[in-house]
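Peer 1: Sequence first, then the predicted structure, then my questions.
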Amino acid sequence: MAKQNIYDNENFFENFKNLRTDKINFNDCIETPILFAMIPEVNGKKVLDIGCGLGQHAKQYSDMGAESVLGIDISEKMLEYAKEHFHAKNITYQQLALEDICQIDEQFDLITSSLAFDYAEDLDKLMKNVYSLLKSGAHFVFSMSHPMATAWDGQYDRYTRTESGERLYANISNYMVEGKRTVKWVVENYEVYHRTFSSIVNSIVNAGFLIEECEESHVSEGMRKKYPAQFGGTLHRPDFIFFRCKKTI
């Protein structure tokens, strides 16, 4: 099974890091607030953050009183940055791919993941592995790119625009064709996996989870007007989807 590690590409990593450190970005302005609003009590919990990236969330969980935080990521560059900038005594970082989380020999009170599952070729297997790492009654909260966003295959523009560049509507094509999408985003041959909304839900349910909450990303009209270049397209389709799930057994 393929294990994508685009974040150790020097050009991609530097561009991604610059995007995340810019004050106005999709992660901090849209994705993170929704994700954290769905996360249950962290204080005193053992937390696993899958695809921890630069380490911002791991440090937030530490600051929120987590007993311990394990952040895993496939990217050596990401983990080096996380260890330097977002470290604490109760945080451990480990280089590990999504496909290999079954190697972790402990269970957690809370598992989170932020926009990492776009790279999972076998979502069914990943969900079952996550389920096995949770204690009974524990929660799993994660985000991933919305299926309306991952449907884009790069053959057409993402949006139909006016002559002045204003987005009129999103172009959605080949939504029902699931599988790998290879597009240009920062670098050539950037790969994600597209699956329909129902496929995502069924992967979660078939693993044994109870879905407690589902959200789609949104941004206020004020933010769209203030930052049209960044967030103008959010009126036409959501960029991210979020789930809060519970292991009931």
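Peer 2: On my side now, so go ahead. Nothing here was measured: the structure is a model prediction, and the numbers come from that model. Numbers count the residues shown, from 1 in each chain.

Peer 1: how about the helices of this structure, start to end?
Peer 2: 10-21, 26, 32-38, 56-63, 76-85, 123-132, 147-150, 197-206, 221-226, 228-231 (DSSP state H).

Peer 1: Need the ones you listed in TSV (columns: mean neighbour count).
Peer 2: Placement of C-beta: from N, CA and C, glycine included. Converted to TSV, the helices of the chain look like this (neighbours: other Cβ atoms under 10 Å):
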stretch	mean neighbour count
helix 10-21	14
helix 26	18
helix 32-38	16
helix 56-63	21
helix 76-85	17
helix 123-132	19
helix 147-150	20
helix 197-206	15
helix 221-226	12
helix 228-231	14
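
Peer 1: Need the ones you listed in a markdown table (columns: distance to Cys214).
Peer 2: Shown next, in a markdown table, are those (distance: least, Cβ to Cβ, whole Å):
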| stretch | distance to Cys214 |
| --- | --- |
| helix 10-21 | 25 |
| helix 26 | 19 |
| helix 32-38 | 9 |
| helix 56-63 | 20 |
| helix 76-85 | 28 |
| helix 123-132 | 15 |
| helix 147-150 | 12 |
| helix 197-206 | 8 |
| helix 221-226 | 22 |
| helix 228-231 | 22 |
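
Peer 1: Out of those helices, which gets nearest to Thr182?
Peer 2: helix 147-150 (11.9 Å; Cβ to Cβ).

Peer 1: now that closest one: mean pLDDT?
Peer 2: If you average the pLDDT over helix 147-150, you get 94.

Peer 1: tell me what it is packed against?
Peer 2: In terms of contacts (3 or more Cβ pairs under 8 Å, 6 or more residues apart in numbering; DSSP states H and E), helix 147-150 is packed against strand 187-194.

Peer 1: And the contacts of the strand it packs on?
Peer 2: 4, 6, 9, 11-12, 118-121, 123, 145, 147, 150-151, 153, 177-184 (Cβ atoms under 8 Å, 6 or more residues apart in numbering).

Peer 1: Out of the residues you listed, which end up buried?
Peer 2: Burial by neighbour count, 16 or more other Cβ atoms under 10 Å: within the contacts of strand 187-194 this picks out 4, 6, 9, 12, 118-121, 123, 145, 147, 150-151, 181.

Peer 1: Of the residues you listed, which belong to strands?
Peer 2: Ser145, Arg181 (DSSP state E).

Peer 1: Which single one of the buried ones among the contacts of strand 187-194 is nearest to Phe197?
Peer 2: Using Cβ to Cβ, these come closest to Phe197 at Pro147, 5.1 Å.

Peer 1: Against Asn171, how distant is that closest one?
Peer 2: From Pro147 across to Asn171, the span is 14 Å (Cβ to Cβ, to the nearest Å).

Peer 1: At the geometric centre of the chain, which residue sits there?
Peer 2: Nearest to the geometric centre of the chain sits Leu115, at 1.0 Å (Cα atoms, centre = their mean).

Peer 1: so it touches His146, yeah?
Peer 2: No. Checked against Cβ atoms under 8 Å, the pair Leu115 and His146 is beyond contact range at 10.7 Å.

Peer 1: anything in contact with each of those two?
Peer 2: Counting by Cβ under 8 Å, 6+ apart, the shared contacts of Leu115 and His146 are Phe240.

Peer 1: Val149 - nearest residue in space that isn't next to it in sequence?
Peer 2: One correction, residue 149 is Ala, not Val. Nearest non-adjacent residue to Ala149, counting by Cβ to Cβ, 6 or more residues apart in numbering: Asp239, 5.3 Å away.

Peer 1: That neighbour - how many residues pack around it?
Peer 2: 20 (other Cβ atoms under 10 Å).

Peer 1: Tell me, what's the model's pLDDT at it?
Peer 2: On pLDDT, Asp239 comes in at 91.

Peer 1: Check Glu121 too.
Peer 2: pLDDT, Glu121: 93.
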